[in-house]
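Peer 1: Here you go, sequence then predicted model.
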Amino acid sequence: MIISTLSEDRIPEVVALWEATGLTRPWNDPVADARKALANDGSTVLIGTDGHTLVASAMVGFDGHRGWVYYVAVSPDRQGMRLGEEIMHAAEEWLRGRGVGKLQLMIREENHAVRSFYRRLGYQTEQVTVMSIRL
């Protein structure tokens with residue numbers, strides 16, 4: 001897998017991957033999310049390709065205090081091949097290269113398989129509550 005930065009013309013492909021892996025929600029516009037990430041120096045979308053086929057992604061950003069990762073996805077037909085691990089290591093390196101000392105991410109409560117994936121990569125559960133309000 002070759003890891004690079006998403007280009008604007010490939011946004012429909014990455015959104016299709018996010019939809020195929022169940023990452024999108026009706027209240028978030030994934031096209032707008034990708035465009036915002038590409039327009040900001042503090043964020044990007046990393047993609048993994050096999051030939052010309054987009055097979056993995058991770059939206060990564062730095063908020064000035066911590067690094068964050070969203071939309072980590074591996075094509076359903078490529079799961080179990082350690083591509084998720086590769087794209088996460090690339091996200092970690094992207095943040096490390098910007099002097100970020102801590103990466104955080106959020107996992108939906110019901111997503112036990114993903115929680116196990118991150119534990120295998122060395123991530124720990126923090127004793128915090130995430131609160132939000134839609135604006």
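Peer 2: Arrived safely.
Peer 1: CA only for contacts and neighbour counts going forward, please
Peer 2: Fine.
Peer 1: Distance check, the residue of the chain positioned farthest from its centre against residue 27.
Peer 2: Note on the chain: the largest C-alpha distance from the chain mean falls to residue 135, namely 22.7 Å (C-alpha atoms, centre = their mean). Separation of residue 135 from residue 27 (C-alpha to C-alpha, to the nearest Å) stands at 11 Å.
Peer 1: and what of residue 117?
Peer 2: As defined by C-alpha to C-alpha, residue 117 lies at a distance of 26 Å from residue 27.
Peer 1: Compare neighbour counts for the two and give me the winner.
Peer 2: Between residue 117 and residue 27, residue 117 has the larger neighbour count (other C-alpha atoms under 10 Å), namely 13 against 7.
Peer 1: which helices and strands does the helix or strand containing that one pack with?
Peer 2: Element membership of residue 117, judged by DSSP states H and E, is helix 112-120. For helix 112-120, there is no helix or strand it packs on, judged by 3 or more C-alpha pairs under 8 Å, 6 or more residues apart in numbering; DSSP states H and E.
Peer 1: Tell me the gap between that helix and the middle of its chain.
Peer 2: Here helix 112-120 shows a centroid-to-chain-centroid distance of 14 Å under the convention C-alpha atoms, centre = their mean, to the nearest Å.
Peer 1: neighbouring contacts of it?
Peer 2: Helix 112-120 has contacts (C-alpha atoms under 8 Å, 6 or more residues apart in numbering) with 107, 124.
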